[in-house]
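Asker: Have a look at this fold, sequence not included:
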Ligand code: FEO
């Protein structure tokens with residue numbers, strides 16, 4: 001069992017992960033409008049990963065005999081000033097999510113909930129990867145900003161991202 005407090009916090013994180021998926025899907029739609037299908041592909045794959053993250057919380061809540069309570073998903077931003085602005089937003093968002101995961105770990109430690117702490121460690125590692133990917137992407141977008149040829153190449157590269165299996 002998990003505490004009532006932890007049940008609430010895990011459900012909040014489930015919502016945050018689905019919201020992340022919604023945000024990235026919104027960025028995918030923005031890039032489609034900008035005729036950057038490769039950028040849109042990257043965001044769409046990212047959105048699918050976020051929904052998988054949400055499902056990890058969903059499954060864990062159920063496995064611990066707690067209840068999943070789905071709450072309203074906030075409407076995400078729909079427009080960005082430039083591809084660069086969108087990628088800056090990705091990095092900021094992932095840093096924020098890392099903070100949420102850290103808060104959850106702190107709660108698990110406080111409650112001496114070792115099982116939940118153990119479950120959360122996958123997300124601690126995942127957030128290192130998420131921030132690393134976002135920083136890499138932002139660096140590339142900065143480099144290509146205003147250069148049509150480099151943007152074309154980056155669009156091609158991001159179009160090759162395929163869904164991962166974890
Ligand atoms: Fe599920 Fe991008 O953090």
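Answerer: Sure, I can see it. If you're wondering where the values come from, they're calculated on a predicted model, not measured in any experiment.
Asker: Which residues are in contact with the residue in the chain that the ligand sits nearest to?
Answerer: When scored by C-beta to the nearest ligand atom, the chain has residue 53 as its residue closest to the ligand, at 3.8 Å. For glycine as for every other residue, the C-beta is placed from the backbone atoms N, C-alpha and C. Neighbouring residues of residue 53 by C-beta atoms under 8 Å, 6 or more residues apart in numbering: 17, 20, 123, 126.
Asker: Rebuild those residues as JSON lines, extending it with distance to the ligand, neighbour count and pLDDT.
Answerer: Shown next, in JSON lines, are the contacts of residue 53 (distance: C-beta to the nearest ligand atom, whole Å; neighbours: other C-beta atoms under 10 Å; pLDDT from 0 to 100):
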{"residue": "17", "distance to the ligand": "5", "neighbour count": "23", "pLDDT": "98"}
{"residue": "20", "distance to the ligand": "5", "neighbour count": "24", "pLDDT": "98"}
{"residue": "123", "distance to the ligand": "7", "neighbour count": "22", "pLDDT": "98"}
{"residue": "126", "distance to the ligand": "7", "neighbour count": "18", "pLDDT": "98"}
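Asker: which bits of the protein sit near the ligand?
Answerer: Proximity of the chain to the ligand is confined to 17, 20, 50, 53, 94, 97, 130 under the rule C-beta under 6 Å from any ligand atom.
Asker: Of these, which belong to helices?
Answerer: Those of the residues of the chain next to the ligand mapping onto helices are 17, 20, 50, 53, 94, 97, 130, per DSSP state H.
Asker: TSV for the contacts of residue 53, including distance to residue 74?
Answerer: Below are the contacts of residue 53 laid out as TSV (distance: C-beta to C-beta, whole Å):
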residue	distance to residue 74
17	13
20	11
123	21
126	22
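Asker: Which pLDDT value belongs to the spatially closest residue to residue 150 that is not a sequence neighbour?
Answerer: In this structure, residue 150 finds its nearest non-sequential neighbour in residue 144, 3.6 Å apart by C-beta to C-beta, 6 or more residues apart in numbering. The model reports residue 144 with a pLDDT of 92.
Asker: So residue 144 is in contact with residue 153, correct?
Answerer: Yes: with contact defined as C-beta atoms under 8 Å, residue 144 reaches residue 153; the gap is 7.4 Å.
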